[in-house]
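Engineer: here is my input; please provide its structure:
(chains A and B)
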Protein chains: 2
Amino acid sequence: MQPVLVVGSVAFDSIETPFGVAGRVVGGAATYFAVAAAHFTDVRMVAVVGEDFTDEQMGIFRGRRIDLTGLQQVPGETFRWKGKYSEDLNDRESIYTFLNVFEEFQPILPPVYRASPFVFLGNIHPRLQLEVLDQVESPEFVVADTMNYWIEKTPEELHQVLTRVDALVINDAEARQLSKESNLVKAVQKLQAMGPRLLIIKRGEHGVLMFGPDGFFAVPGLPLNTVRDPTGAGDTFGGGLLGYLAGCSVVNHDTLTRAVIAGSTMASFSVEAFGLERLLCVTSDEIQQRFLEFRRLTSFNEL
Amino acid sequence: MQPVLVVGSVAFDSIETPFGVAGRVVGGAATYFAVAAAHFTDVRMVAVVGEDFTDEQMGIFRGRRIDLTGLQQVPGETFRWKGKYSEDLNDRESIYTFLNVFEEFQPILPPVYRASPFVFLGNIHPRLQLEVLDQVESPEFVVADTMNYWIEKTPEELHQVLTRVDALVINDAEARQLSKESNLVKAVQKLQAMGPRLLIIKRGEHGVLMFGPDGFFAVPGLPLNTVRDPTGAGDTFGGGLLGYLAGCSVVNHDTLTRAVIAGSTMASFSVEAFGLERLLCVTSDEIQQRFLEFRRLTSFNEL
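Structural biologist: Next up is the predicted model:
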């Protein structure tokens, strides 16, 4: 079992969905990733919070397999985001985004972090992703996330990132946008030519598609009775994926498919409640049970 | 092996996609259904065409396991439709719809059709669906398709249909619209309370979800290198589904899951070329191969 390093945001989120509201709860890509990945392996966090981040809020990470040595606390306010979801939860609008302490963030890896074999570059400025990568000594498996904003605003730095990662995790609209190709299979081939040999396409309630050197793999979303808040589902998926993978002795098609299921499993819990609520209390038994539900969901016999 | 009865449109379609155009090609729900289902069992067609439907065009059905006794040819023009697809093929606009001979269509079942155990009520006016159903003696398994137009315009007749069918095949937006419920699991429960014990939700490139009395089942869409024209994919899916099922000795969760894969398999061929082009020449070997591709697509091992 190997540790996973993650860089990304720790934030205060305000969330509005048809099923309720949550005000100023702890969120952010690195948070969701870390809480999910820590169910499977040790997590090393690289992020920044402001003076307004309380000791009680820090307690969310303590008692879990999350190393906070790389979590800087600096003068100023913590990153804040507010989002509002549509009736069917498939669209959301950002009401505001205040970068705050993230604006001047300079990721510095504690010495022990530098030997991290598994690295997740959360959805932040590609320049910061590169700065983190520069500080890791011979990483074995690097996964990057990104979004439409960086595809549009910082294409050159993003392309530099792509040449240095093993896997890219993005949604289908972003894959089409980044490749300028509407057919998803062709889009993936173009993205693979840019660097990552592995593409993992997130499709929200429709599940996940993985394209690797040994063929593709797909898993549908698990139909859920209760979906209250999709915030952080993608980062939770990433945490389950890479956390599970870091616990395997080898990265191949077999372990990658199971990692995709582990990620989907964690994400399916995350969306059932607001913010981190469900993810913080999920048990190993529940994870195991839901993994089996994914098996039943897609099982069929020969013709 | 049992025969399948289908009622629906036979049409002249004009199609425009980012990958080309097709002018006045033979299409329609009953056509796609019949050609797909005939790969698995005998099909009995109930539909109407006009005088402009040539003997050569009729030849599309001949030489296949399709009984045309119930295909009326009457004075007037055949149903015509023109559609234009968006860049990513997920949306389409109807440029025109001329019902023509369909406007006065009165489905009359030839005597031999009346004992059909498997019935597919294609996407037509629910009144016509009921008229067909009234003429079938003790059907064993009835599947209905419908669309937003009938949900809005003829809700009462549609609800009558629902009380008399075993399965409803619709897309996810229609399931939400018909049930007035945005959560898909809850939407399906509401729809089941209206009549059909089985719900099959089509999600285009995202695949298919099935909700039955013995749990649910999902299959992702097969990632395809070439997708040129999605016209008829849903009806082709229906044909593969019910055609396969009619070839099984029993309808249960096991045969239903395989029927969903058979339907998805046929639909995956249909979209590769314009109109019926690909579907008319697909071989049994190719069908068998692609069924196996669906297995590989979703296979993974235990945790």
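
Engineer: now the strands for the stretch 51-200 of chain A?
Structural biologist: Counting by DSSP state E, counting those that start in this stretch, the stretch 51-200 of chain A has strands at residues A:66-67, A:71-73, A:79-85, A:92-98, A:118-121, A:141-145, A:167-171, A:198-202.

Engineer: so which of these is the most packed in?
Structural biologist: strand A:118-121 (a mean of 28; mean count of other Cβ atoms under 10 Å in any protein chain shown). All C-beta atoms are positioned from the backbone trio N, CA, C, and that covers glycine.

Engineer: any idea of the mean pLDDT for that strand?
Structural biologist: On average, the pLDDT along strand A:118-121 is 98.

Engineer: what packs against that strand?
Structural biologist: strand A:4-7, helix A:126-135, strand A:141-145, helix A:233-246 (3 or more Cβ pairs under 8 Å, 6 or more residues apart in numbering or on different chains; DSSP states H and E).

Engineer: in CSV, list the strands of the stretch 51-200 of chain A along with distance to A:Gly50.
Structural biologist: Output for those, formatted as CSV (distance: least, Cβ to Cβ, whole Å):
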stretch, distance to A:Gly50
strand A:66-67, 19
strand A:71-73, 7
strand A:79-85, 8
strand A:92-98, 10
strand A:118-121, 22
strand A:141-145, 23
strand A:167-171, 28
strand A:198-202, 29
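
Engineer: for A:Tyr244, list the residues it contacts.
Structural biologist: A:Phe40, A:Thr255, A:Arg258, A:Ala259, A:Ala262, A:Gly263 (Cβ atoms under 8 Å, 6 or more residues apart in numbering or on different chains).

Engineer: in helices, which of those residues appear?
Structural biologist: Using DSSP state H, A:Thr255, A:Arg258, A:Ala259, A:Ala262, A:Gly263 are the members of those that sit in helices.

Engineer: restrict those to contacts with chain B.
Structural biologist: A:Arg258, A:Ala262 (Cβ under 8 Å from any Cβ of the partner chain).

Engineer: widest-spaced pair of the ones in helices among the contacts of A:Tyr244?
Structural biologist: A:Thr255 and A:Gly263 (12.3 Å; Cβ to Cβ).

Engineer: neighbour count for the two, which is higher?
Structural biologist: Using other Cβ atoms under 10 Å in any protein chain shown as the criterion, A:Thr255 and A:Gly263 rank with A:Gly263 on top: 30 against 18.

Engineer: right, and the more buried one touches A:Gly239 too?
Structural biologist: Yes. Contact status for A:Gly263 versus A:Gly239: in contact at 7.4 Å, counting by Cβ atoms under 8 Å.

Engineer: residues from the stretch 201-303 of chain A in reach of chain B?
Structural biologist: A:203, A:205-207, A:209, A:211, A:215-221, A:223-227, A:254, A:257-258, A:260-262, A:288, A:291, A:295-303.

Engineer: in the stretch 1-150 of chain A, which residue sits nearest chain B?
Structural biologist: The stretch 1-150 of chain A approaches chain B most closely through A:Asp88 (4.5 Å), counting by Cβ to the nearest Cβ.

Engineer: quick one on the thing from earlier: quick check: neighbours shared by A:Gly263 and A:Gly239?
Structural biologist: Common neighbours of A:Gly263 and A:Gly239 (Cβ under 8 Å, 6+ apart) are A:Ala36.

Engineer: closest one to A:Leu68 among the helices and strands packed on strand A:118-121?
Structural biologist: That would be strand A:4-7 among the helices and strands packed on strand A:118-121, by Cβ to Cβ, at 11.7 Å.

Engineer: neighbouring contacts of the closest one?
Structural biologist: Residues contacting strand A:4-7 (Cβ under 8 Å, 6+ apart): A:30, A:33-34, A:37, A:41-47, A:70, A:107, A:109, A:113, A:116, A:118-122, A:124, A:128-129, A:132, A:136, A:239, A:242-243, A:246.

Engineer: any regions of chain A where pLDDT drops low?
Structural biologist: Along chain A, segments meeting pLDDT under 70 span A:303.

Engineer: report how many residues lie close to the nearest residue to A:Phe19 once chain neighbours are set aside.
Structural biologist: Excluding the flanking residues, the one nearest A:Phe19 by Cβ to Cβ, 6 or more residues apart in numbering or on different chains is A:Arg228, at 4.4 Å. Neighbourhood size, A:Arg228 [other Cβ under 10 Å]: 22.
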